[in-house]
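Student: Can you look at this prediction? I've put the sequence above it.
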Amino acid sequence: MVGLYVTVGKPAAVAFGRQAAAILRRKGLDLCADPASGDALGLPAECIGQERLAQADIIVTLGGDGTILSAAALAAPLGIPILGVHMGQFGFIAEAHPDSLEQHLEAFLDGRAHIEERMMLNCEVVREGVRVAAAESLNDVVLTKGSMTRMLRMSTAFGDHPPMEFPADGVVVATPTGSTAYALSAGGPLVEPTVHALVVVPICAHTLAARPLVTPADMDVGITVLQASGEVVLSADSLEVCRLTAGDRVLVRRSAFTTRIVSCGGPSFYGKVRRRLLWGERLNG
C-alpha cells in the first residue's frame, strides 16, 4: 500500500498528487492518506485516516523537506520508509522529481532502492523535577527567545562534563540531516547525513567563546535557562513544543527512532551542497 502525504497549501503539489494517485491506481496499487491530504486529493473515505496511513508500505511526500519532516513524526515510530518528491524549490532531503516518481516507486517495490537510516533527536523539558513536555525531531531542536525578549543566559552541559554558561539569543541542537537547515544559518558546520553525531550551535552568542560543536551521537546535551526576561520557546522541527521559564532544563539526546529515507541513486549529499550552496564556486566571476 502506498501512502500519500501532500503539502495541501501548494497547488502544484495537490495537482501532481491527483495525477500520481490516478497513475498508482491504474497500476493496481492500494492508496491511503492522512485526512488533509486525502481530502485535497479527492480519495475515497475508506482510504483516508491516520490509522489507514499507518498501514502503508511506503509514504510518498509531495512538497519539500518540510513535508518530509511532518510525515516523519508518523512514519519513524512505525518504520515506514519515506520517498520525498520535491515540488519546486530544491531540497536537501527530498530526492525524487515528479517525472521520476514511477521509476523510484518501481525500484522500491522491486527491492532495488537503498534505504538511508537518518538519526533523530528526542527532547524533554524538566521543570522543578517533573517532565512537562517531550518531542521527536528529524532536523533539530531549537531553544530561542521571543521577538521582544532580551538576550537569554543559558547553561549547556555535555554528558557529565561541567556546564558552560553564555548569553545568546538561543541554541540549536541538530542532527546531521538538520545541519543544512537552521544550524547552518546560525553558523554551524555541514555534516554528511549518514554520520552519527549531534551539532550544537549557539544563536548570536554574546561572546567569542561560544562556538559550534560536534559531539558523538550518544552524548546527552542539557540546556538550562538561567535567566530570561520574556518569552522563551522550545521547538522541534519548527513546531512549538512548549514555552520555557527560568530554571527549566531541556535534555536532548539521540532518539530511539530513525527516519527511513528511500534513495534511488539521486544526487549525492555533496552534489546537493554544490548545487544549493554553490560550494566551491566563484561568485564574482
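Tutor: The structure has been received and is ready for your questions.

Student: Correct me if wrong: residue 40 contacts residue 21.
Tutor: No - counting by C-beta atoms under 8 Å, residue 40 sits too far from residue 21 to count as a contact (10.5 Å). Glycine gets a C-beta too; all of them are placed from N, C-alpha and C.

Student: Which residues belonging to the longest helix anywhere in the chain are considered buried?
Tutor: In the chain, taking DSSP state H as the definition, the longest helix is helix 11-26. When neighbours are counted by 16 or more other C-beta atoms under 10 Å, the buried residues of helix 11-26 are found to be 13, 14, 15, 16, 17, 20, 21, 24.

Student: And the pLDDT at the fourth one?
Tutor: In this model, residue 16 is scored at 93, pLDDT.

Student: which residue packs closest to it, ignoring adjacent ones?
Tutor: residue 98 (5.2 Å; C-beta to C-beta, 6 or more residues apart in numbering).

Student: phi, psi of the one you found?
Tutor: Phi and psi for residue 98, reported as degrees, to the nearest 10, are phi -50, psi -40.

Student: Which residues are in contact with it?
Tutor: Going by C-beta atoms under 8 Å, 6 or more residues apart in numbering, residue 98 touches 16, 20, 85, 87.

Student: Report the separation between the second one and residue 120.
Tutor: Using C-beta to C-beta, to the nearest Å, one gets 27 Å for the distance from residue 20 to residue 120.

Student: swap in the first one?
Tutor: Noted for residue 16: a distance of 28 Å to residue 120, by C-beta to C-beta.

Student: mind listing the strands for the stretch 1-150 of the chain?
Tutor: Counting by DSSP state E, counting those that start in this stretch, one finds strands in the stretch 1-150 of the chain at the ranges 2-6, 31-33, 58-63, 82-86, 114-127, 130-137, 140-145.

Student: Minimum distance to residue 160: which of those strands has it?
Tutor: Closest to residue 160 of these, according to C-beta to C-beta: strand 114-127, at 16.6 Å.

Student: Okay, angle between that closest one and strand 140-145 too, please.
Tutor: If you take axes from the mean of the first three to the mean of the last three C-alpha atoms, to 10 degrees, strand 114-127 sits at 30 degrees to strand 140-145.
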